[in-house]
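In: One predicted model, sequence on top.
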Amino acid sequence: QKEVEQNSGPLSVPEGAIASLNCTYSDRGSQSFFWYRQYSGKSPELIMFIYSNGDKEDGRFTAQLNKASQYVSLLIRDSQPSDSATYLCAVRSYSGAGSYQLTFGKGTKLSVIP
Amino acid sequence: NAGVTQTPKFQVLKTGQSMTLQCAQDMNHNSMYWYRQDPGMGLRLIYYSASEGTTDKGEVPNGYNVSRLNKREFSLRLESAAPSQTSVYFCASSENVDSPLHFGNGTRLTVT
């Protein structure tokens, strides 16, 4: 059973600070990694994806991947109250016969305090 | 561009009733998925369709059936609803099986 672990939070940060969200995964062969944001009562929306070791930046968001440590993180710079949401980490692994398995973590709830 | 459209948005069923959740995407995506989301359990895959004409079981398929009607549409059927199927159901699509998922707005289902 492939597992994706996230701290459930809540993670509280002051407005303007950097929020750091972390995710670990069990399958060393995992190939692609996604971060989704989900507002309460809404559907998940894709924020970023990363396939290679290192950092990937998109505006105020940076995804960091370390395959050796089986660790992926999401940094949110200059956090805003509108960033308050649950952040879902998802990890895709090849499961054989042309099939891929996408496993979601249970999410970390972020609260940005004005 | 509507993306992924799910109907209905809300539904209340009595135990034993049946219903079909509809999903359509207009992004010309090959792959489509059905997830359920329950408090403390996260998103769990029910069924998916890697491409038109194929369907496969996910993590929690029992009590459900699916139909990939055409490239755009992927429906989820509950033949005999049970209270354990009370959940929020999300349909999603992706360009291919290794591409990011795009989710619909969800269906909140209550089975009494």
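Out: Cool, the structure landed.
In: tell me what the helix or strand of chain A with the lowest mean pLDDT is packed against?
Out: Least confident helix or strand of chain A, by mean pLDDT, DSSP states H and E, is strand A:99-104 with a mean of 86. Strand A:99-104 sits against strand A:85-96, strand B:42-49, with contacts defined as 3 or more Cβ pairs under 8 Å, 6 or more residues apart in numbering or on different chains; DSSP states H and E. From N, CA and C alone the C-beta is placed, and that goes for glycine too.
In: and the residue nearest the centre of chain B, how far is that from chain A?
Out: Centrality entry for chain B: nearest residue to the mean C-alpha point is B:W34, 2.9 Å, by Cα atoms, centre = their mean. B:W34 sits 13 Å away from chain A, taking Cβ to the nearest Cβ, to the nearest Å as the criterion.
In: hang on, the earlier thing: columns mean pLDDT and distance to A:V13 on top of the helices and strands packed on strand A:99-104, output as CSV?
Out: Output for the helices and strands packed on strand A:99-104, formatted as CSV (pLDDT from 0 to 100; distance: least, Cβ to Cβ, whole Å):
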stretch, mean pLDDT, distance to A:V13
strand A:85-96, 91, 12
strand B:42-49, 94, 23
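In: List the contacts of residue 44.
Out: Assuming you mean chain A. Applying Cβ atoms under 8 Å, 6 or more residues apart in numbering or on different chains to A:P44 gives the contacts A:Y36, A:R37, A:Q38, A:L88, B:L43, B:F90, B:L101, B:F103.
In: please go with chain B instead
Out: A:F104, B:Y35, B:R36, B:Q37, B:D38, B:G58, B:E59, B:V60.
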